[in-house]
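S.K.: got a structure for you, letters missing:
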């Protein structure tokens, strides 16, 4: 009799459920969306952008750790994050703790970088709707244009969480930034980016073929000009960097200590590079920490444009971008993060 009652109850609830199509093309039925858990690299960030901080009921342990490269964690706040129940350690493709999920029992679980079979397992074991998000092909998703996937994920979360107006404003801002950056005319200078963070800090030989800030500006990583088949993150040989000998080198702030240490140990070799010899090595913010920090990505593109001769007030641009991503909190966040954004 009890089983019949629960089957009947489930049937009634399903009548109220509304179907949504997630970023993996799965149909997910949701009947209530007031509390959330975000699982996997980048998922929580998108929730923070949409102002869902107070609706989070569980958090990955990794997300409780502050990191200057991930402004959304500073926005959420360490004290707030540490008061939330831990639902797993976190990490790419890492399963959350199913028992912990059941204990906090969110209305919806949003995931990124979680394989489809694991998503189905979470749904099966917990009975909680799971919605897959995407950061694009370069960052674990299926789409070729990363920002398009991120914008679509923001809209999807907003549709479910009743934050459509907020998403519309933010997505419109991102699109406007893309348009403005694409129209900037820069000199035909050979450029390279090194020290790109990838699962932690990396040496100057860590780079990216389609480095997103370059892509926003329509410029190419010169190291791959003769290798059109190359894609994604790459570790190159230092000899390849010497051969390409770019006029301008950008380095990821996140890997500063490693690059500086390597420079001290191999100064003569580094100084044979044109960029080092001419003082044309410029540091930019990092954006890839537990996936893409979109606000930093946009700001890096403006930093690069500025270093290449485009007249822009970087500090004013930082305030504009951060206030768009974190309304009424952008200036405060920048002060806490202590980014040194000095112009060229």
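M.R.: Perfect, thanks for sending it. Fair warning: this is a prediction, and the values are worked out from it, not measured in the lab.

S.K.: Could you check how far the closest residue to residue 42 other than its chain neighbours is from residue 119?
M.R.: Among residues not flanking residue 42 along the chain, residue 291 sits closest, at 3.2 Å (C-beta to C-beta, 6 or more residues apart in numbering). The way it works is simple: take the backbone N, C-alpha and C, and place the C-beta from them, glycine included. With distances taken as C-beta to C-beta, to the nearest Å, residue 291 is found 17 Å from residue 119.

S.K.: Confirm residue 28 sits in a helix?
M.R.: No: applying DSSP: H, G, I helix; E, B strand; the rest coil, one finds residue 28 to be strand, outside a helix.

S.K.: thinking it is in contact with residue 129, fair?
M.R.: Yes: under the criterion of C-beta atoms under 8 Å, residue 28 makes contact with residue 129 at 5.1 Å.

S.K.: quick one on the thing from earlier: ramachandran angles for the residue nearest to residue 42?
M.R.: The phi/psi pair for residue 291 (degrees, to the nearest 10) reads phi 80, psi -170.

S.K.: Equivalent analysis for residue 132, please.
M.R.: Dihedral pair for residue 132: phi -80, psi 130, per degrees, to the nearest 10.

S.K.: May I have the beta-bridge partners of it?
M.R.: Residue 132 has these beta-bridge partners by DSSP bridges: residue 111.

S.K.: Could you check the pLDDT of it?
M.R.: Residue 132 is assigned a predicted lDDT (pLDDT) of 97.

S.K.: Touching, it and residue 20? I think so.
M.R.: No: between residue 132 and residue 20 there is no contact under C-beta under 8 Å: 10.6 Å.

S.K.: Let me know the distance separating the nearest residue to residue 244 once chain neighbours are set aside from residue 34.
M.R.: Closest residue in space to residue 244, ignoring its immediate chain neighbours: residue 223 at 4.8 Å, by C-beta to C-beta, 6+ apart. Distance of residue 223 to residue 34, given as C-beta to C-beta: 49 Å.

S.K.: same deal with residue 218?
M.R.: Taking C-beta to C-beta, one finds residue 218 at 43 Å from residue 34.

S.K.: Equivalent analysis for residue 169, please.
M.R.: From residue 169 to residue 34 the distance is 22 Å (C-beta to C-beta).

S.K.: Check residue 231 too.
M.R.: For residue 231 relative to residue 34 (C-beta to C-beta), the value is 41 Å.

S.K.: ok, the nearest residue to residue 115 once chain neighbours are set aside - how many residues close by?
M.R.: With sequence-adjacent residues excluded and distances taken as C-beta to C-beta, 6+ apart, residue 115 is closest to residue 93, at 6.2 Å. Using other C-beta atoms under 10 Å, residue 93 has 11 neighbouring residues.

S.K.: can you list the residues that contact stretch 316-332?
M.R.: When contacts are defined by C-beta atoms under 8 Å, 6 or more residues apart in numbering, stretch 316-332 is touched by residues 48-49, 51, 71, 75, 169-170, 173, 177, 294-295, 298-299, 302, 333-334, 339, 341.

S.K.: let's go with 7 Å and repeat that
M.R.: For stretch 316-332, contacts defined as C-beta atoms under 7 Å, 6 or more residues apart in numbering pick out 49, 75, 170, 173, 295, 298-299, 302, 333-334, 339, 341.

S.K.: I figured residue 93 hits residue 113, correct?
M.R.: Yes: here residue 93 lies in contact with residue 113, judged by C-beta atoms under 7 Å, at a distance of 6.1 Å.

S.K.: Where do the strands of the stretch 201-344 of the chain begin and end?
M.R.: Remark: strands assigned in the stretch 201-344 of the chain by DSSP state E, counting those that start in this stretch are 206-208, 233-235, 248-252, 281-284.

S.K.: so where's the longest helix in the protein?
M.R.: Taking DSSP state H as the criterion, the chain has its longest helix at helix 164-182.

S.K.: Give me the below-cutoff pLDDT ranges for the stretch 101-250 of the chain.
M.R.: Counting by pLDDT under 70, the stretch 101-250 of the chain contains low-confidence ranges at 137-146.

S.K.: in stretch 323-343, what counts as buried?
M.R.: For stretch 323-343, the neighbour count (16 or more other C-beta atoms under 10 Å) marks 323-326, 329-330, 333-334, 337, 339, 341 as buried.

S.K.: Great, nothing more from me.
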